[in-house]
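Participant: My questions concern the predicted model and sequence given below.
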Amino acid sequence: MDEALQARFDEKFKELLALAKKKKNNVLDYADILAVSVVKNYAALQTASGRYCFRATVKQLLEGLPEQFVQISSNTIVNITRVTSISTKNVTLRRDNITLDVSKAYFGRVLEAFKSNN
């Protein structure tokens, strides 16, 4: 992604995070994000304190999020620092033992990221 496009995406993503938390007038930290699910062009960002929806594609999110975020299926990205366990079929997240399915196509990358993080 070229610098101008990256800067535009970074600014837009910060705005979205700020809007999601505007009631409390603070911005979400990447560490607070558990996972992001995308259906068509709508993303649902899951945090420990709630869910926030906005327009974005998986590709846009992957290009803008830091390396700690790993795609586990065609429509789901997780914060690998929040994963407590991984199997060939799913990952479990720290908060409330949330379990999300892992696609076979993404399992190798997910396992590598999990090992690197632990």
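Facilitator: Good, I have the coordinates.

Participant: contacts and neighbour counts: CA atoms only from here.
Facilitator: Will do.

Participant: what residue ranges in the protein score low on pLDDT?
Facilitator: Counting by pLDDT under 70, the chain shows low-confidence ranges at 1-2, 4-27, 95.

Participant: hmm, 80 instead?
Facilitator: Applying pLDDT under 80 to the chain flags the ranges 1-28, 95-96, 118.

Participant: mind listing what's buried in the helix or strand encompassing residue 115?
Facilitator: For residue 115, the element it lies in under DSSP states H and E is helix 104-117. By neighbour count with 16 or more other C-alpha atoms under 10 Å, helix 104-117 contains the buried residues 107, 110-111, 113-114.

Participant: Next: stretch 40-50.
Facilitator: So, applying 16+ other C-alpha under 10 Å, buried residues of stretch 40-50: 43-47.

Participant: now, which of these lie within strands?
Facilitator: Among these, the members falling in strands (DSSP state E) are 43-47.

Participant: nearest to residue 87, of these?
Facilitator: Of all these, residue 46 has the smallest distance to residue 87: 21.2 Å, by C-alpha to C-alpha.
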